[in-house]
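Novice: build me a structure from this.
(chains A, B and C)
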Amino acid sequence: MMKQFLTNFFAAVGDKTISVFTAAKTLLLVTLNIFRGIFHFKNREKGEILKQAYEIGNRSFLFVSVTLSALGMVLVFQVCLQINKITGDQSQVGPEFIKGMIHAFVPILTAMMLATRVGAGIAAEIGSMKVTEQLDALRMSGVDPIDYLIVPRFIASIFMTFILGIYAALLVILAGAFMAHHSFGVNYNVFFVFDKVTWGDLIIGSTKLLAHGSAIPVVSGYCGLTTKVGSEGVGVATTRAVINSSLAVIILDFIISAIGLMTIQ
Amino acid sequence: MSIKFKNVHKSFGNKKVLKGITMQVQKGEILFVIGTSGVGKSVTIKHIIGLLKPTSGSIEVDGKKVEHLKEKQFIPIRKKVAMVFQSSSLFDSLNVLANIALPLEKHKIVPGDKIQDKAMQLLTEVGMEKYASVFPSEIGDGMKKRVAIARALAMQPDYILFDEPTTGLDPVSARRVDKLILRLAKDRGTGTIVVSHDLPSIFGISDKIAMVYQGKIYFEGSREEYQLSKDPIIQQFIKGTSSGPMETPGF
Amino acid sequence: MISSFFASIGEKFLVLSNILGGITYLFYQITVALIPPKFDLDEFWRNLYKMGVKSVPIIILTAFFTGGIMVIQASVFVKKFGATSLVGWGAGYSVFREVGPILLGLMFSGRVGSNNTAELATMVVTEQIDGLKALAIDPFRYLIVPRVLAMIIMLFLLTIIGTVVAIFGAALFGKFIAGVSYAGFWTSFSQNLHLADLIHGLIKAAIFGFIVSLNSCYFGISVKGGAVGVGKAVNNSVVASALGIVIFDYILTYNIT
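Specialist: Next up, the predicted model:
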């Protein structure tokens, strides 16, 4: 009984480990191929990167605007509430909030939203092409799907995540200032103080945006390419894309935050 | 004891699919509803169990009008009239045996401790007893169809509706399914409606044929009458020629 | 140009009101199915297991790193002011009230909500829902209601687990990254935080669970067009859930303080 249980247990663990390693290996290969594909200019359609950038931006602009401004207001509200209980001195709220948003909250929250919106979109699109045999048709005409489909999305995503991140930061700060003024009577000129923001904050915030922006298309593109044929395939691929790219964002964010804290902050 | 259609119309938005269907099937009889693809055959039979509601006209099941029934009121009708879908519609999350046990269990058709035995007996009846613990995704289309038939039988229905039971099957599996349908109808005395455009099954097992053309019943009568008909449209359908008077949507 | 701009806004508005109407109607149908509360208990237990137990690893992983990220933010102050006494409080406060419920809600939506949409949508496109109806089984009582209830309960319980793990992660990383002792972390945590802070987050979790469950069922059963449609349905469902979570977070923060 015990022996059988142990055998089963180790077999299951071994199985899981092997599948994790296989997935990691394929993911690494896809990443390498993407980097190589950046230089295969001939395999890309002209204007494809711009088109994808427009797609990503267009798809996410309203979504990011609504979610991030709501989150900005909520965060300021919670902070002010807590400060009211302890010291009542709201003068530091603005500068500290702005600093915190730039190096921490805006990159992770924007990226989490994009992992949902853009990641699911990429996986659904590429997964659909896989089940309708369009990917095979591409290969048959001698075009590498990674060069043709994933590389443009990769470049566009890095670029657009960065731009949307900057936009989101401005929006969040404005929304936060509005909330602080409206509910707690904090003056705008007390709130908008940017001298707490260091170069370190800007570097950490930007690094996070770039890292998240590149992780999302890699992970969700991989999920799309490995879609299983069948009626549930695309749905499963989309699900995996959302969860895996969100997780990638959280772990990358943690790593960059930790390195940032120990070096430049 | 019969299912009757009286002047049934059905539109989807602006698209009129059925423009006055009138036909009937008695218990113990096999009616084939035939016609070209996209003509509205499947749409027609889905009205009987309330998966679709007619725009106008009436449908009777054993003398009870069903066209105005609410979702809940359809439950007794659905217990009486079973349907085997074109895609078999087996539940992916349950194995073959559990697929058949589900209606037995939910409607308490047999006592709790007899469910497994009864399900197994139904599987044996369709020749699938060896595949009881297999999942639907692991078996072929012909086998799925047999399981779907066993699941429909679990309801102990008075009528069974088959939506294109042989489409997509190889000729050998198709004839086996035909044989099964024929045996069930004759042994159990169920009323059977089969939607099909598969000529060998139409001429193999039908008692009666209703041909749908341009949203109406173009022909209703026995198999012999159909085969002997001189009508050019019927002749074209039987011979399967591309040129002729018949108009097919989409071509 | 201008007229097409307004036309596109009008079109978007119509789509949106269609979705909101659909979700409201689904809510009504679920309420009706709950009076009297007759639903499929087997399916309910199966979904509790499937949605709950199987999400534990991803929730733990998310919570652990979330705690880490939060403690790093609090540690910025420690470095500047030497305010060790703030770390436990800062990390705990944000995990309890905001970041915990939101991030766990988003991950739950990604893991369970989208999976549910994919499953229901696949059942629609392969005629399995019609198959259920044909067997005289009510899809609401058999499929939808058990899933909605299971999701609400599970996100609530998973948020409790997640919160504990996040605090544990914060304490651990606080020690290694910011050099805050466990005792110091605990003092700061226990003296400044109250049960009310935890309850604040848990109320949010229950409502987020409801939002995710409604969205994921709605987009699942209203799917159009084959395997490609299933992908789109999942995509729309996770986006709608994220929007719902954030908007309701804003509303709830105001109303339960």
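Novice: the stretch 1-150 of chain C: strands as residue ranges?
Specialist: Remark: no strands are assigned in the stretch 1-150 of chain C by DSSP state E, counting those that start in this stretch.
Novice: chain neighbours aside, what residue packs nearest to the residue in it positioned nearest to chain B?
Specialist: Closest residue of the stretch 1-150 of chain C to chain B, Cβ to the nearest Cβ: residue C:131 (3.3 Å). Yep, even glycine has a C-beta here, placed from its N, CA and C like the rest. Among residues not flanking residue C:131 along the chain, residue B:89 sits closest, at 3.3 Å (Cβ to Cβ, 6 or more residues apart in numbering or on different chains).
Novice: just say helix, strand or coil for residue 58.
Specialist: No chain specified, so I'll use chain A. Under the three-state scheme (DSSP: H, G, I helix; E, B strand; the rest coil), residue A:58 adopts helix.
Novice: switch to chain B, that's the one I care about
Specialist: Residue B:58 ends up strand, using three-state DSSP.
Novice: show me what it is bridged to.
Specialist: residue B:6 (DSSP bridges).
Novice: look up how far residue B:21 lies from it.
Specialist: Shown here: residue B:58 relative to residue B:21, a distance of 11 Å by Cβ to Cβ, to the nearest Å.
Novice: thinking again about what came up before, my read: the residue of the stretch 1-150 of chain C closest to chain B touches residue B:90, true?
Specialist: Yes - with contact defined as Cβ atoms under 8 Å, residue C:131 counts as touching residue B:90 (7.5 Å).
Novice: and the residue nearest to residue C:131, what helix or strand is that in?
Specialist: Counting by DSSP states H and E, no helix or strand carries residue B:89.
Novice: what about it, neighbour count?
Specialist: Residue B:89: 24 surrounding residues under other Cβ atoms under 10 Å in any protein chain shown.
Novice: what residues are up against it?
Specialist: B:148, C:126-128, C:130-131, C:134 (Cβ atoms under 8 Å, 6 or more residues apart in numbering or on different chains).
Novice: phi and psi next, for it.
Specialist: phi 50, psi 40 (degrees, to the nearest 10).
Novice: next one: the one 10 residues further on
Specialist: Dihedral angles of residue B:99 (phi, psi; degrees, to the nearest 10) stand at phi -60, psi -40.
Novice: how near is it to chain C?
Specialist: Noted for residue B:99: a distance of 9 Å to chain C, by Cβ to the nearest Cβ, to the nearest Å.
Novice: how many other residues sit next to that residue?
Specialist: Residue B:99: 27 neighbours (other Cβ under 10 Å).
Novice: on that earlier part again, how far away is the residue nearest to residue C:131 from residue B:143?
Specialist: From residue B:89 across to residue B:143, the span is 14 Å (Cβ to Cβ).
Novice: between residue B:58 and residue B:21, which one's more packed in?
Specialist: Set side by side, residue B:58 and residue B:21 show more neighbours around residue B:21, with 26 against 14, by other Cβ under 10 Å.
Novice: shared neighbours, residue B:58 and residue B:21?
Specialist: With Cβ under 8 Å, 6+ apart as the test, residue B:58 and residue B:21 both reach B:5, B:7-8.
Novice: list only buried entries from those.
Specialist: B:5, B:8 (16 or more other Cβ atoms under 10 Å in any protein chain shown).
Novice: returning to what we had before: so which of the contacts of residue B:89 is the closest to chain A?
Specialist: residue C:126 (5.2 Å).
Novice: about what we covered before: which members of the contacts of residue B:89 are positioned in helices?
Specialist: B:148, C:128, C:130-131, C:134 (DSSP state H).
Novice: from those, which two are the most distant?
Specialist: Using Cβ to Cβ, the ones in helices among the contacts of residue B:89 reach their maximum pairwise distance at B:148 and C:130, which is 12.1 Å.
Novice: when these two are compared, which one has more neighbours?
Specialist: residue B:148 (26 against 21).
Novice: what sits against the nearest residue to that one once chain neighbours are set aside?
Specialist: In space, and not counting its chain neighbours, residue B:148 is closest to residue B:88: 4.1 Å by Cβ to Cβ, 6+ apart. Residue B:88 makes contacts with B:136, B:141, B:144-145, B:147-148, as judged by Cβ under 8 Å, 6+ apart.
Novice: before we move on, what about residue B:11?
Specialist: B:17, B:55.
Novice: swap in 10 Å and give it another go.
Specialist: B:17-19, B:54-56, B:215 (Cβ atoms under 10 Å, 6 or more residues apart in numbering or on different chains).
Novice: got any residues that touch both of residue C:131 and residue B:90?
Specialist: With Cβ under 10 Å, 6+ apart as the test, residue C:131 and residue B:90 both reach B:99, B:148, B:151.
Novice: I'd say residue A:104 and residue A:209 touch.
Specialist: No - Residue A:104 is beyond contact range of residue A:209, at 11.9 Å (criterion: Cβ atoms under 10 Å).
Novice: who has more neighbours, the two?
Specialist: For the pair residue A:104 and residue A:209, the greater number of neighbours falls to residue A:209 (25 against 22), based on other Cβ under 10 Å.
Novice: if I look at the more buried one, how far off is chain B?
Specialist: For residue A:209 relative to chain B (Cβ to the nearest Cβ), the value is 41 Å.
Novice: tell me who's in contact with that residue.
Specialist: Residue A:209 neighbours (Cβ under 10 Å, 6+ apart): A:106-108, A:110-111, A:114, A:158, A:161-166, A:168-169.
Novice: return the member of the residues you listed nearest to residue B:105.
Specialist: Closest to residue B:105, out of all of the contacts of residue A:209 and judged by Cβ to Cβ, is residue A:114, at 45.5 Å.
Novice: many thanks, have a good one.
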